[in-house]
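Chemist: sharing a model prediction with you, sequence too.
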Amino acid sequence: MKKHSSQPRASDSPPNRAEAVTLAVETMGAQGDGLARVGGTAVHIPFALPGEVVRAEVGADKNRLIAVEAASPERIAPVCRHFGVCGGCALQHWAAAPYDAWKAGLVEAALAHARVRAPSVEPLKTYPVSSRRRAVFTARKEDGALRLGFNASRSHDLVDIEECPILLPRIAAALPRFRAGLKGAMAERGEAKIHVTAADNGLDVAIAGPRLQTSARHAIEAELQAAGAIRAAWNGEAIFINAPPRVAAGPARVLLPEGAFLQAVEACERDMAAFAVEALDAAGAAKGPVCDLFAGLGAFTFPVATRAPITACEDNAAAVAALSLAAKEAKGLKPVKAVGRDLFRNPLGFQELNAFAAAVLDPPREGAETQARALAQSKIPAVVMLSCNPASLARDAAILAEGGFELTRLAAFDQFRYSAHVEVAALFRRPRTKKGRLAPALR
């Protein structure tokens with residue numbers, strides 16, 4: 001039998017149509033795929049690890065791992081029976097040490113690409129496997145059978161899951177109840193999205209899909225309540241509300257508006273909040289006043305408010321109302337002011353920012369470029385930035401650096417375990433001159 005070379009010839013290039021080839025995996029790509037080369041062209045192989053020799057199908061709409069011919073010593077057994085088919089996880093097969101180093105490297109590489117001088121990333125904060133408190137499932141009904149799960153990797157095909165080890169046990173345990181209730185509630189060939197959040201006092205379930213079959217309303221209500229749901233809605237219309245869902249934000253308890261953003265892992269949220277408070281203490285801004293930009297439900301507002309008065313700016317009206325109510329009910333806090341403001345269209349200007357001792361930012365994935373420019377122009381002495389995207393954080397960090405800030409502390413958090421996502425927290429400070437004055441701002 002002819003042996004396949006583990007290295008493609010230098011003259012080779014990816015085929016125009018799908019073709020099985022043997023490749024040597026060189027490194028891990030930024031999206032969690034093994035990176036090999038055909039000639040001078042990079043090819044990404046899902047579920048392959050650095051140092052492995054693999055047989056893969058390349059050149060189609062998506063590359064596919066066929067077999068591992070020489071496995072890496074870093075390859076481990078996945079924790080889920082659906083791994084490799086379900087698209088929810090990319091890296092259950094990689095040992096912890098190289099995986100952690102790779103995640104920290106994603107942050108370092110993004111800042112280096114943006115030419116931002118940065119300290120070393122602190123050791124990656126990790127969390128137990130079964131810690132995810134929110135999930136979005138897809139349900140489809142065909143030929144009388146209901147499938148419930150996640151899409152396959154790089155596909156619209158639905159994987160009917162029997163388990164999901166990354167979820168909090170109370171969400172995973174509810175899957176059979178969801179399946180039973182939806183089977184009777186959905187019409188043939190229907191599809192629905194099921195948004196599930198584990199609040200502190202029960203599950204919050206929001207279903208979006210075809211019209212709920214009236215005859216099935218009682219049955220799905222019974223199944224969802226048996227699953228531990230305290231609130232359920234279908235296309236925005238309440239099925240039942242046994243109690244308003246609440247979540248902790250520092251010392252406050254916040255009513256959870258339907259569809260509001262919530263950090264996926266509660267312990268990660270606490271760690272990022274602790275970073276913000278410690279960073280403000282280190283920057284001498286603990287007595288405030290502080291502004292919290294893109295405040296959401298106050299995940300970082302309330303921990304900071306144990307130290308300093310704070311103004312929380314958020315665009316979502318329901319989140320602003322929930323934050324404001326929680327601030328009135330909480331005890332032992334410095335003054336908290338909730339402000340409805342679209343910071344993309346109407347960022348705080350540099351003169352407004354000059355009234356604050358520090359700023360905390362937790363923008364969406366696209367970052368806060370316009371707001372960062374205003375911060376760079378201001379005289380504010382310290383900024384804590386929290387981000388779910390190292391690339392946009394690096395871009396905004398470069399803007400702050402141009403405005404005279406120095407990045408003095410950097411941490412990473414593995415909130416979305418087994419994925420290519422990593423949370424980042426960074427402290428930026430204006431250096432002081434020999435006379436004790438702050439370095440001038442960008443104008």
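Modeler: Looks like it arrived, so ask away.
Chemist: give me the neighbour count for Gly209.
Modeler: Residues lying near Gly209 (other C-beta atoms under 10 Å) number 20. Backbone N, C-alpha and C define where each C-beta goes, glycine included.
Chemist: what sits up against stretch 369-379?
Modeler: 293, 343-344, 347-351, 353-354, 359, 361, 363, 383, 392, 395-396, 399-400, 402-405, 430, 438, 441-443 (C-beta atoms under 8 Å, 6 or more residues apart in numbering).
Chemist: return the subset of those lying in strands.
Modeler: In this view, those that belong to strands under DSSP state E are 293, 359, 361, 383.
Chemist: if you rank these by neighbours, which is first?
Modeler: Highest neighbour count within those, by other C-beta under 10 Å: Val383, with 31 neighbours.
Chemist: can you give me the distance of that one to Ala96?
Modeler: From Val383 across to Ala96, the span is 32 Å (C-beta to C-beta, to the nearest Å).
Chemist: which SS class is the residue nearest to Ile399 when sequence neighbours are not counted?
Modeler: Nearest residue to Ile399, sequence neighbours excluded (C-beta to C-beta, 6 or more residues apart in numbering): Ala372, at 4.3 Å. Recorded secondary structure, Ala372: helix (DSSP: H, G, I helix; E, B strand; the rest coil).
Chemist: what is the neighbour count of Ala372?
Modeler: Neighbour tally, Ala372, other C-beta under 10 Å: 27.
Chemist: over to Ala238?
Modeler: Neighbour count for Ala238, taken as other C-beta under 10 Å: 10.
Chemist: that one reaches Ala232, doesn't it?
Modeler: Yes. The pair Ala238 and Ala232 passes the contact test of C-beta atoms under 8 Å, sitting 7.4 Å apart.
Chemist: tell me what Asp204 is bridged to.
Modeler: For Asp204, the beta-bridge partners are Thr197, Arg231 (DSSP bridges).
Chemist: I'd guessed Ala135 sits against Ile171; true?
Modeler: Yes. The pair Ala135 / Ile171 is scored as a contact, 6.1 Å apart, by C-beta under 8 Å.
Chemist: and those two? Which one has more around it.
Modeler: Higher neighbour count among Ala135 and Ile171: Ile171, with 24 against 20, using other C-beta under 10 Å.
Chemist: doesn't the more buried one belong to a helix?
Modeler: Yes. Ile171 forms part of a helix when assessed by three-state DSSP.
Chemist: if I pick it, what's in contact with it?
Modeler: 132-133, 135, 164, 196, 198, 203.
Chemist: and those residues, which two are furthest apart?
Modeler: Cys164 and Leu203 (14.4 Å; C-beta to C-beta).
Chemist: give me the more crowded residue out of those two.
Modeler: Higher neighbour count among Cys164 and Leu203: Leu203, with 24 against 21, using other C-beta under 10 Å.
Chemist: pLDDT score assigned to that one?
Modeler: Looking at Leu203, its pLDDT reads 98.
Chemist: go on, the one 10 residues further on?
Modeler: In the prediction, the pLDDT value recorded for Gln213 is 79.
Chemist: what helix or strand is Ala425 on?
Modeler: Per DSSP states H and E, Ala425 falls inside strand 423-429.
Chemist: elements contacting that strand?
Modeler: Judged by 3 or more C-beta pairs under 8 Å, 6 or more residues apart in numbering; DSSP states H and E, strand 423-429 is in contact with helix 266-282, strand 382-387, helix 390-402, strand 406-413.
Chemist: please identify the most buried of those.
Modeler: strand 382-387 (a mean of 26; mean count of other C-beta atoms under 10 Å).
Chemist: using CSV, write down the CA coordinates of it.
Modeler: These are the backbone C-alpha positions of strand 382-387, laid out as CSV (Å, rounded to 0.1, in the frame of the first residue of the first chain):
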residue,chain,number,x,y,z
ALA,A,382,-8.0,55.5,35.2
VAL,A,383,-10.0,53.2,32.9
VAL,A,384,-11.0,49.6,33.6
MET,A,385,-12.0,47.8,30.4
LEU,A,386,-13.7,44.5,30.3
SER,A,387,-14.2,42.7,27.0
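Chemist: so it versus strand 423-429, what angle?
Modeler: 170 degrees (axes from the mean of the first three to the mean of the last three C-alpha atoms, to 10 degrees).
Chemist: could you check the angle strand 382-387 makes with strand 406-413?
Modeler: 30 degrees.
Chemist: per-residue confidence averaged over strand 382-387?
Modeler: Mean predicted confidence for strand 382-387 is 98.
Chemist: which helices and strands does it pack with?
Modeler: Short answer (3+ C-beta pairs under 8 Å, 6+ apart): strand 382-387 packs on helix 266-282, strand 358-361, helix 390-402, strand 423-429.
Chemist: let me know the pLDDT of the closest residue to Ile380 other than its chain neighbours.
Modeler: Using C-beta to C-beta, 6+ apart and skipping the chain neighbours, the partner closest in space to Ile380 is Leu353 (4.9 Å). If you check Leu353, the pLDDT there is 97.
Chemist: try Pro440
Modeler: 56.
Chemist: could you do Gly259 as well?
Modeler: For Gly259, the predicted pLDDT is 85.
Chemist: what sits against it?
Modeler: 195, 206, 318.
Chemist: which residues touch the helix or strand the first one falls within?
Modeler: Counting by DSSP H and E, the secondary-structure element that holds His195 is strand 191-199. Strand 191-199 is contacted from outside by 133-141, 148, 168, 170-171, 174, 178, 182, 186, 203-210, 230, 245-247, 256, 259, 262, using C-beta under 8 Å, 6+ apart.
Chemist: one step back: just want the angle from the strand holding Ala425 to helix 390-402.
Modeler: In terms of direction (the same axes, to 10 degrees), strand 423-429 departs from helix 390-402 by 0 degrees.
Chemist: what's the mean pLDDT across strand 423-429?
Modeler: Rounded mean pLDDT across strand 423-429 is 98.
Chemist: helices along this protein, start to end?
Modeler: Assigned by DSSP state H, the helices in the chain fall at 96-113, 169-172, 175-185, 217-226, 266-282, 301-305, 317-329, 350-353, 369-377, 390-402.
Chemist: I'd like these as a markdown table, with distance to Phe83 appended.
Modeler: Converted to a markdown table, those look like this (distance: least, C-beta to C-beta, whole Å):
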| stretch | distance to Phe83 |
| --- | --- |
| helix 96-113 | 14 |
| helix 169-172 | 15 |
| helix 175-185 | 17 |
| helix 217-226 | 28 |
| helix 266-282 | 22 |
| helix 301-305 | 35 |
| helix 317-329 | 35 |
| helix 350-353 | 46 |
| helix 369-377 | 37 |
| helix 390-402 | 25 |
